[in-house]
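Participant: Requesting a structural model of the entry that follows:
(chains A, B, C and D)
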Number of protein chains: 2
Amino acid sequence: MTTKERILTAALKLFNRDGVERITTRHIAADLGMSQGNLHYHYPNKNEVILALLQRFFDDLKSAQRYEGGLFDKEEMLLSMQNNFRIMHDYRFFFLEDKVVWRRLPEVKKQLLEYFDITRGRINQVIEGYKHHDLFRAEVSPYQLEFLLDQFLFSITSWLHAVDYLPIQTDPSAYFAKYTFSIWLPYLKPDEAEDWEEILISTG
Amino acid sequence: MTTKERILTAALKLFNRDGVERITTRHIAADLGMSQGNLHYHYPNKNEVILALLQRFFDDLKSAQRYEGGLFDKEEMLLSMQNNFRIMHDYRFFFLEDKVVWRRLPEVKKQLLEYFDITRGRINQVIEGYKHHDLFRAEVSPYQLEFLLDQFLFSITSWLHAVDYLPIQTDPSAYFAKYTFSIWLPYLKPDEAEDWEEILISTG
DNA sequence: GTCTATACAGCGATAGAC
DNA sequence: GTCTATCGCTGTATAGAC
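Facilitator: Now for the predicted structure:
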């Protein structure tokens, strides 16, 4: 592992544990048994460390992305979401302290919103596909269905915040991946809902 | 308005705008055209300012609480939630920067979790009442229903975080109060769902 | 109650030796 | 590449005059 990489790993650990504002370049250097001057040789300032971590976050997401199975391979969809959630959890300070980071670096906000906008498009495709194949219950009103996309997006962007407020026993990433898909069960026709429920119960 | 109150009002404004960590006692004093020494006469340190704000938050909640209508007065329930959300929005730094505040003052975490635990109990009562009066659709499985309480709690505790991620045009407090109740529409029997939908569309 | 002045600690960042 | 030393700035908190 190169020194630059070791710095990022230590910084990530400390940011997640103690917060971006509290952790200084001194702390990161000390954690590595390295001088602060040397750290500044590799990264001119703290913001550059944060930006490098954001880059690594997106790289991790990309390399975890297997080839897209069809929109209707349920198990694949669930596991893929679990994977993404695990990576988000690895870099959780970006989300748990999003407002703090965005204030330092508006660029981070822009990039994260772009990322979630792409996700939003994917989810919308799935919903439209389900509409097209007539898999939603007939009684569900358009008003109700309008909220569905927002509900997914809410869950995907903000689940890390909720971890402290909900009584969760198991691995948060796994729990909230299941939670996210459980959102739409009551919108689906009984057969489709049963299908999904089985997957949610048996997987992970 | 007493000086102590003026300090709290200024501090709240600045915390919401620029973040708890960034805003210092100097900033608060300057905003009031007051010396920093004088501020420290009224509040010995920044943490005491934050704790006083938490107290005021709970006071505001309490005084906004009208007498509880029955569990089944829908309009009352919606307006009451909108009110609570508005107050949360007034003190939003407590929620948008919850992890940062909690690290400084673990006491704040304890009190907020207690508050939401009480809310959790109330919601659970409503759900149980709906079960008892047989208002949920028969096809909804116990597995699905288990998630309902968590969905409500997730929404109520974390909606402020989601404001930046969702494309919201109107007043966030109003939007998310409606959003929260829209969660359970697909779980309800058609008649009850229609009833709720009408309220959600016509109110606010 | 309100002010000015000050002590003290910690942070970001740079310079220069090895 | 890595170190030590150091500067300038900002934050918290206190002391003492009015």
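
Participant: CA atoms for contacts and neighbours, from now on please.
Facilitator: Will do.

Participant: residues making contact with the helix or strand hosting A:Leu145?
Facilitator: Using DSSP states H and E, A:Leu145 maps to helix A:142-162. By CA atoms under 8 Å, 6 or more residues apart in numbering or on different chains, the residues outside helix A:142-162 that reach it are A:89, A:92, A:95-96, A:116, A:120, A:123-124, A:127, A:176, A:180, A:183-184, B:154, B:157-159, B:161-162, B:165-166, B:179, B:182, B:185-186.

Participant: Among the residues you listed, name the ones in helices.
Facilitator: Applying DSSP state H to these, the entries found in helices are A:89, A:95-96, A:116, A:120, A:123-124, A:127, A:176, A:180, B:154, B:157-159, B:161-162, B:179, B:182.

Participant: Show me which residues of chain A sit near chain B.
Facilitator: A:18-19, A:21, A:96-97, A:99-100, A:103, A:113, A:116, A:139-140, A:144, A:147, A:150, A:153-154, A:157-159, A:161-162, A:165-166, A:179, A:182, A:185-187, A:190 (CA under 8 Å from any CA of the partner chain).

Participant: quick one: A:Met88 from A:Leu160, how far?
Facilitator: As judged by CA to CA, to the nearest Å, A:Met88 and A:Leu160 stand 8 Å apart.

Participant: which residues are common contacts for the two?
Facilitator: In contact with both A:Met88 and A:Leu160: A:Phe95, using CA under 8 Å, 6+ apart.

Participant: who's in contact with the residue positioned nearest the centre of chain A?
Facilitator: Nearest to the mean C-alpha position of chain A, by CA atoms, centre = their mean, lies A:Met88 at 3.9 Å. Residues in contact with A:Met88 (CA under 8 Å, 6+ apart) are A:Phe57, A:Phe95.

Participant: Tell me which residues touch A:Leu51, please.
Facilitator: A:Leu51 touches A:Val108, counting by CA under 8 Å, 6+ apart.

Participant: could you say which helix or strand contains it?
Facilitator: Per DSSP H and E, A:Leu51 falls inside helix A:46-64.

Participant: which ones are touching A:Val49?
Facilitator: By CA under 8 Å, 6+ apart, the neighbours of A:Val49 are A:Leu8, A:Ala11, A:Tyr43.

Participant: what about it, distance to A:Pro190?
Facilitator: For A:Val49, the distance to A:Pro190 - CA to CA - is 50 Å.

Participant: Would you agree A:Val100 falls within a helix?
Facilitator: Yes - assigned with DSSP: H, G, I helix; E, B strand; the rest coil, A:Val100 falls within a helix.

Participant: Now the residue nearest to it when sequence neighbours are not counted, what are its backbone angles?
Facilitator: Spatial nearest neighbour of A:Val100, chain neighbours left out: B:Gly19 (7.1 Å); criterion: CA to CA, 6 or more residues apart in numbering or on different chains. Per-residue torsions, B:Gly19: phi 100, psi 150 (degrees, to the nearest 10).

Participant: show me the contacts for B:Gly19.
Facilitator: Here B:Gly19 is in contact with A:Val100, B:Phe93, B:Glu97 (CA under 8 Å, 6+ apart).

Participant: sorry, back to before: okay, buried residues for the helix holding A:Leu145 please.
Facilitator: A:144-145, A:148-162 (16 or more other CA atoms under 10 Å in any protein chain shown).

Participant: and what of stretch A:180-198?
Facilitator: Under 16+ other CA under 10 Å, the buried positions of stretch A:180-198 are A:180-190, A:193-194, A:196-197.

Participant: Can I get that stretch in CSV, CA atoms only?
Facilitator: What follows is stretch A:180-198, C-alpha atoms only, in CSV (Å, rounded to 0.1, in the frame of the first residue of the first chain):
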residue,chain,number,x,y,z
THR,A,180,-36.1,-0.5,1.1
PHE,A,181,-37.6,-3.2,-1.0
SER,A,182,-40.3,-3.9,1.6
ILE,A,183,-41.6,-0.4,0.9
TRP,A,184,-43.3,-1.4,-2.2
LEU,A,185,-44.8,-4.7,-1.1
PRO,A,186,-48.2,-3.3,-0.3
TYR,A,187,-48.4,-1.6,-3.7
LEU,A,188,-47.9,-4.8,-5.6
LYS,A,189,-50.4,-7.4,-6.7
PRO,A,190,-50.6,-10.3,-4.3
ASP,A,191,-48.7,-12.8,-6.4
GLU,A,192,-45.9,-10.4,-7.1
ALA,A,193,-45.8,-9.3,-3.4
GLU,A,194,-45.6,-12.9,-2.3
ASP,A,195,-42.7,-13.5,-4.6
TRP,A,196,-40.8,-10.5,-3.3
GLU,A,197,-41.5,-11.4,0.3
GLU,A,198,-40.1,-14.8,-0.1
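
Participant: Many thanks, we can stop here.
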